[in-house]
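Undergrad: Using only what follows, build the 3D model:
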Amino acid sequence: MSRLRNFLFAANRPLQDRLAILIASAVAAAVAVTGIAAYAMTLLTVYDQFDNELVEVANITSGALSEDLENMGGIDTSAWRAANVIVMLVRSDAHPINQPGRNTTLVWGADEVAIARTAQGFSARTGVDSNGVPTRIVAVPLVDGDSYYALVIGRPLATQQAILQTTGLALLLFGGIGAAVAAAMGYFIAKSGMGPIRHLSDAVLAITETNKLTPIDVKGDDEVADLGRSFNRMLTALESSRERQKRLIADAGHELRTPLTSMRTNVELLVADERQHMLPEGARSEILRDVAAQLGEFTQLVGDLVQLSREEGVQPAPEPVDLRDIINSALDRVKRRGPGITWDVTLEPLYLTGEPDALERAFTNLLDNAVKFSPPGGTITVELIGDRFRVADEGPGIAEDDLPHVFERFYRSEHARTTPGSGLGLSIVAQTIQAHGGWVKAGRSPSGGAEFITRLPGSPVPPEEHEALDDEDDFDLGPYTD
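TA: All right, here's what the predicted structure looks like:
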């Protein structure tokens, strides 16, 4: 049995074959159970009807037999043959009285003796006659004065066995045909049901072989169709990720080429001057300062690329932070780069759960951008009011055509191409703010300069006072909160 089960449901057997075998086996089992039940019911019905007929014959003849028990009521032997029965008496002391003039008798036993002695009920069993022919034997009580007998009547089972044999063969034949039809239907059902899955498998194989993320055609509303639609969404996400990676690599290669070319030129000048001493006095120091500045720009660009390569998720473990501390830390770093700029700072408390280093880098980029474009002696406004952070400068502002693109990677307006930078700072800002569940917008300030407004979900209440609030819905520490 175990070997048969392993053969039918082997792990290396195709799922379609296993489904077909499973369907065929289930139908075959149902047909077998139905056939066995039908045969059993037929058997019981045939024998029950047969027994009733013999009991009725016995009841009818018992009155005639009681008039002359030794001669079986004087009934002619041909009458018993016409009725196709064999009649005999068994006395309570186990003495048999056979039918006169007939050589064939019944093989009687304890059942018949018990009926004679108890004089109650009747017995019915399958036995044989004296010639060994299968016979149905029925015994009913017969009382004659003080003598107790069992009237035993038997009839050959040839007709009933023929009926049962025909019924069994018919059930076996039609059951086998039904099982074969079920197997064929199971195969076609499995093949039809596995069609969408096979289509999906072929699509995966085609993607593996061609490396083309081509969506598959999905029809229907069943679970397999849902799987296909989920697969298409995954392909779309992968295609989008691949395109972003290609664009990032292409843009990074383009941006890296400029500082590398400049550094290579300066280094070649220094090497040539080492042999020929062709540079005027002081030029060597100026070239070295230029190389150092280019290295700084190159380092910043590489750092920005690493930050962007982290995709849209903030991977380091987040923690509760006071956004004022992060902004003040960013201000301390940026103020050293704009010594002549006036800062108008207003910071209200805002607590959230986030990644401090990523947030500080984002706010530093926003403040750096304001310093970069602020005129000498200009004022930069920094405000944190509620869940809104605003930074505005008095520079030339952002052109209307550039506003939709300022957060794109490596995008630099015509006015900004002469200023230092990698073109990735604002893209990192947008990515970080969005990863923390917020948004950032660019526009023009009332003074005409650039203005950036960010929104981060948080609360003015410190985390330790959070449990004291009556309404927890009023407190939100951001997307990382459990």
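
Undergrad: all helices of the chain, in order?
TA: Along the chain, the segments classed as helices by DSSP state H run 2-8, 15-65, 77-82, 110-118, 158-210, 223-276, 283-308, 323-335, 356-373, 425-435.

Undergrad: Relative to residue 461, which of the ones you listed is closest?
TA: Closest to residue 461 of the helices of the chain, according to C-beta to C-beta: helix 323-335, at 13.1 Å. To be clear about C-beta, it is placed using only N, CA and C from the backbone, and glycine gets the same treatment.

Undergrad: any idea of the mean pLDDT in that closest one?
TA: When pLDDT is averaged over helix 323-335, the result is 89.

Undergrad: domain ranges for the chain?
TA: Under the assignment automatic domain parsing, the domains of the chain span 67-156, 223-308, 319-474.

Undergrad: and of the ones you listed, who's closest to residue 164?
TA: Using C-beta to C-beta, the nearest of those to residue 164 is domain 67-156, at 11.5 Å.

Undergrad: List the buried residues in stretch 278-289.
TA: Within stretch 278-289, the residues scored as buried using 16 or more other C-beta atoms under 10 Å are 279, 287.

Undergrad: on that earlier part again, can you list the domains of the chain in a markdown table and add distance to residue 52?
TA: Compiled in a markdown table, those are given as follows (distance: least, C-beta to C-beta, whole Å):
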| stretch | distance to residue 52 |
| --- | --- |
| domain 67-156 | 9 |
| domain 223-308 | 57 |
| domain 319-474 | 82 |
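
Undergrad: what's the least confident stretch among the ones you listed?
TA: For the domains of the chain, where the average pLDDT is lowest is domain 223-308, sitting at a mean of 74.

Undergrad: My read is that residue 175 contacts residue 29, right?
TA: No. Under the criterion of C-beta atoms under 8 Å, residue 175 makes no contact with residue 29, lying 10.8 Å away.

Undergrad: For the two, indicate the residue with more neighbours.
TA: residue 175 (18 against 11; other C-beta atoms under 10 Å).

Undergrad: and of the domains of the chain, who's closest to residue 188?
TA: The nearest among those, by C-beta to C-beta, is domain 223-308 at 16.9 Å.

Undergrad: What separation do you get for residue 170 and residue 40?
TA: 15 Å (C-beta to C-beta, to the nearest Å).

Undergrad: what does residue 359 give?
TA: Residue 359 is 80 Å from residue 40, by C-beta to C-beta.

Undergrad: same thing with residue 446?
TA: Residue 446 is 97 Å from residue 40, by C-beta to C-beta.

Undergrad: next one: residue 435
TA: For residue 435, the distance to residue 40 - C-beta to C-beta - is 72 Å.

Undergrad: higher neighbour count, those two?
TA: Neighbour count, other C-beta under 10 Å: between residue 435 and residue 40, residue 435 has more, with 22 against 10.

Undergrad: Contacts only, for the residue lying closest to residue 273 once chain neighbours are set aside.
TA: Nearest non-adjacent residue to residue 273, counting by C-beta to C-beta, 6 or more residues apart in numbering: residue 279, 4.5 Å away. Listed by C-beta atoms under 8 Å, 6 or more residues apart in numbering, the contact set of residue 279 reads 269, 273, 287.

Undergrad: possible to save those residues as JSON lines with distance to residue 138?
TA: Formatted as JSON lines, the contacts of residue 279 follow (distance: C-beta to C-beta, whole Å):
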{"residue": "269", "distance to residue 138": "127"}
{"residue": "273", "distance to residue 138": "132"}
{"residue": "287", "distance to residue 138": "127"}
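
Undergrad: The nearest residue to residue 89 once chain neighbours are set aside: neighbouring residues, count only.
TA: In this structure, residue 89 finds its nearest non-sequential neighbour in residue 97, 4.0 Å apart by C-beta to C-beta, 6+ apart. If you count neighbours by other C-beta under 10 Å, residue 97 ends up with 17.

Undergrad: before we move on, back to that, how much space separates the residue nearest to residue 273 from residue 261?
TA: From residue 279 to residue 261 the distance is 19 Å (C-beta to C-beta).

Undergrad: Residue 363 too?
TA: 33 Å.

Undergrad: Those two: which is more packed in?
TA: With neighbours defined as other C-beta under 10 Å, residue 363 and residue 261 compare such that residue 363 has more, 27 against 11.
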